[in-house]
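[1] coordinates only, sequence not included:
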Ligand code: NAD
Ligand code: AKB
């Protein structure tokens, strides 16, 4: 049973939704948000601990101070930001995760959750309905760190019995927090521009199909896997999960159902090459069979909910 949870990188896009969800379920005082940066409003986030995952002593101290038994390890440098500073991405994503695993081993933690990504795949991987077990030859430092993370997690499970579990998130779309420097960020940015009545310049080509997921499904997936019966798991750290797949032009068409004047120009940059190396859709039958995965949102229900919530947040009226 998970009782005291630490979320590293907890102020990021996913942590901002995961923390309230877990607090609702396990009690506010039992879910500690950690991040290398300070929150804007610490009272809203408390209990909060400032924690750099590169500082092993600080990790040990937080585990002891808060009597932690489970870590959701979200601290990372994402794909686009990683290509701008590969050295930082290597340190945070690989050394940082190694520190978490070693702390988990030494403190005999009950569970460590590690989100991998569709970035674990590369240009040689089959693009459609990508199998769970397939070629993993990513060409981004972020993707390389995700493959290393998947394998390290499996190693710590098989060698030390540390219960590490992980899944491969697609691009995550949310209204209550901004993405932190990925290749799929356009799919969140578009909503802000559309609702503010501004033209959006998209950094991917209009026909770039990628797997995506709405935040409620992302939270559902990681918590379902965390709470799953371990004896039913054949895979451990590398579950494909699929919800929807679309290209920028498909998203624009759907947003225009609510905001018909939304204008977009396509000016692909260095992120196009990253997107072109990733799959278009994933075979998630292992997640379905081993822990009952099933998404709730498709493209149209996601866009409807995003427009509803983000228009309220931005104080914009949509007819
Ligand atoms: P994010 O960039 O929004 O948040 C990451 C957080 O980590 C930030 O708050 C940052 O301050 C923090 N951080 C950076 N360096 C740190 C350090 N040295 N020590 C402690 N904290 C540090 O990322 P996210 O979207 O919330 O992603 C969370 C996890 O999910 C990551 O592992 C990411 O690879 C994975 N993932 C995310 C997506 C997505 O679309 N959001 C998709 C696939 C996988
Ligand atoms: C990114 O684009 O880097 C992330 C991811 C798919 O891992 N959103």
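    Yep, that arrived. Keep in mind the model is a prediction, meaning the values are calculated, not measured. Numbers count the residues shown, from 1 in each chain. Ligands and ions are numbered 1, 2, ... in the order given.
[2] which other helices and strands contact the helix or strand hosting residue 249?
    Under the criterion of DSSP states H and E, residue 249 resides in helix 248-256. If you count contacts as 3 or more C-beta pairs under 8 Å, 6 or more residues apart in numbering; DSSP states H and E, helix 248-256 packs onto helix 186-195, strand 264-266, helix 299-314. Placement of C-beta: from N, CA and C, glycine included.
[3] out of these, deepest packed?
    Of all these, helix 186-195 has the most neighbours on average by mean count of other C-beta atoms under 10 Å, namely a mean of 21.
[4] contact partners of that one?
    171, 173-175, 178-179, 199-200, 202-204, 212, 248, 251-252, 255, 258-259, 262, 264, 306-307, 310-311, 314, 316, 318 (C-beta atoms under 8 Å, 6 or more residues apart in numbering).
[5] could you flag which of these are buried?
    Buried subset of the contacts of helix 186-195 (neighbour count, 16 or more other C-beta atoms under 10 Å): 171, 173-175, 179, 200, 202-204, 212, 248, 251-252, 255, 258-259, 262, 264, 306-307, 310-311.
[6] ok, and of these, which contact ligand 1?
    171, 179 (C-beta under 6 Å from any ligand atom).
[7] Surely residue 211 touches residue 171?
    Yes - Residue 211 is within contact range of residue 171, at 7.0 Å (criterion: C-beta atoms under 8 Å).
[8] who touches both of those two?
    residue 118.
[9] and whichever residue of the stretch 101-250 of the chain sits closest to ligand 1, how many neighbours?
    Ranked by C-beta to the nearest ligand atom, the top residue of the stretch 101-250 of the chain for proximity to ligand 1 is residue 180, at 2.2 Å. Residue 180 has 18 neighbours, counted by other C-beta atoms under 10 Å.
[10] What of residue 131?
    For residue 131, the count of nearby residues is 14 (other C-beta under 10 Å).
[11] That one against residue 283, yeah?
    Yes - between residue 131 and residue 283 there is a contact under C-beta under 8 Å: 5.3 Å.
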